[in-house]
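Asks: Mind looking at a prediction? Sequence and model below.
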Amino acid sequence: MTFPYHATVTFEAVSGNPRDRVVNSFAFDADAAILSADADTLATRLETFYHTLSAPGIHPIDYYFSPALSRVVKPILRIYPLDGHLDGSASGSFSFARTFANNLTAPGNVTPLPSECAIVLSFHASYGLDVEFAPGARPRARDRGRIFLGPLNLGCQVTSANSNSIVSAQCMSDIANAAKTLRDGSATTRWSVWSRRNQRMTAITTVSVDEAMDSQRRRGQTSNSVKVL
């Protein structure tokens, strides 16, 4: 028997407005129930993912985060047991909460990109015999997931040969190495893909980062009307 968990990491905004908070979600499948000491270990793993350089990278992930994210209020990890809720039904309140030991790294560039800009970290479990398309379904979609990292600062961006704004090769490498470290960090508490359709957790085998900038429109700033004369 294994024990499935949903973990969230919440980043506070400089504005202090709850609407501007950013939440990233992770799924883990553990060989034993996560107790207090295990929760601290998992918090350390996730803090390492964001905050610690993963060789052979050059910068941690939070180096690329926008100055709009607080470097004073520390991120918070919350863990939710999913026993009986792998179908996505409400699991109730979190069982553990831990504040990260450190603040976010100072931004590598003080110029923020628009708040809805994000870098997509993609991941998938072993596809096995699953096919991409089946009658009325996409089985492989149940084996993969993604996290929208951001908001971002200008330091993650370069201009391509075709004059497009893309994610720099260094930033992509830094994120991929951090994800690999998280994936390989524990044989007993595995970063996993949560398939609500299949009601199961499956350990992640592959991580990748896209050079194309993505967006999370709900992170966009509230627009102010401009008077046109």
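Replies: Good, I have the coordinates.

Asks: tally of neighbours for R146?
Replies: Per other C-beta atoms under 10 Å, the neighbour tally for R146 reads 14. For every residue, glycine as well, the C-beta is placed using N, CA and C.

Asks: I'd guess it is in a helix, am I close?
Replies: No - counting by DSSP: H, G, I helix; E, B strand; the rest coil, R146 is located in no helix; its state is strand.

Asks: Quick one: residues contacting it.
Replies: Contacts for R146 (C-beta atoms under 8 Å, 6 or more residues apart in numbering) come out as 120-123.

Asks: Strands of the protein, residue ranges please.
Replies: For the chain, applying DSSP state E gives strands covering 3-11, 22-30, 76-81, 96-99, 117-125, 144-149, 157-159, 165-167, 189-195, 200-209, 214-215.

Asks: A101: neighbour count?
Replies: By the criterion of other C-beta under 10 Å, A101 has 11 neighbours.

Asks: so it sits right up against L46, yeah?
Replies: No - using C-beta atoms under 8 Å, A101 is not in contact with L46, being 11.2 Å away.

Asks: Count residues in the vicinity of G57, would you?
Replies: The tally of other residues near G57 (other C-beta under 10 Å) stands at 20.

Asks: Just tell me which of the strands of the chain ends up closest to T105.
Replies: The minimum distance between T105 and the strands of the chain falls on strand 3-11, with 12.3 Å, by C-beta to C-beta.

Asks: Mind listing what's buried along the closest one?
Replies: Of the residues in strand 3-11, 3-9, 11 count as buried by neighbour count, 16 or more other C-beta atoms under 10 Å.

Asks: how about the residues you listed in TSV, adding distance to D87 and pLDDT?
Replies: Shown next, in TSV, are these (distance: C-beta to C-beta, whole Å; pLDDT from 0 to 100):
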residue	distance to D87	pLDDT
F3	16	96
P4	11	96
Y5	15	97
H6	13	97
A7	18	97
T8	19	98
V9	24	98
F11	28	98
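
Asks: so can I have TSV of the residues you listed showing distance to P135?
Replies: What follows is the buried residues of strand 3-11, written out as TSV (distance: C-beta to C-beta, whole Å):
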residue	distance to P135
F3	34
P4	29
Y5	33
H6	30
A7	35
T8	35
V9	38
F11	41
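
Asks: so where's this protein shaky on pLDDT?
Replies: 129, 131, 133, 136, 218, 220-227 (pLDDT under 70).

Asks: Now do the helices in it.
Replies: 36-51, 169-183 (DSSP state H).

Asks: which of the residues in the longest one are buried?
Replies: Buried residues in helix 36-51, counted by 16+ other C-beta under 10 Å: 38-39, 41-51.

Asks: and what of stretch 149-163?
Replies: 149-157.

Asks: Among these, which pair sits farthest apart?
Replies: Distances among the buried residues of stretch 149-163 were taken as C-beta to C-beta; the most separated pair is L149 and L154, at 15.0 Å.

Asks: beta partners of V120?
Replies: Beta bridges link V120 to F148 when assigned by DSSP bridges.

Asks: And for it, the neighbour number?
Replies: Neighbours around V120, by other C-beta under 10 Å: 19.

Asks: Spit out the contact partners of it.
Replies: With C-beta under 8 Å, 6+ apart, V120 has these contacts: 146-149, 209-210, 214.

Asks: Buried only: go through the residues you listed for me.
Replies: 147-149, 209.
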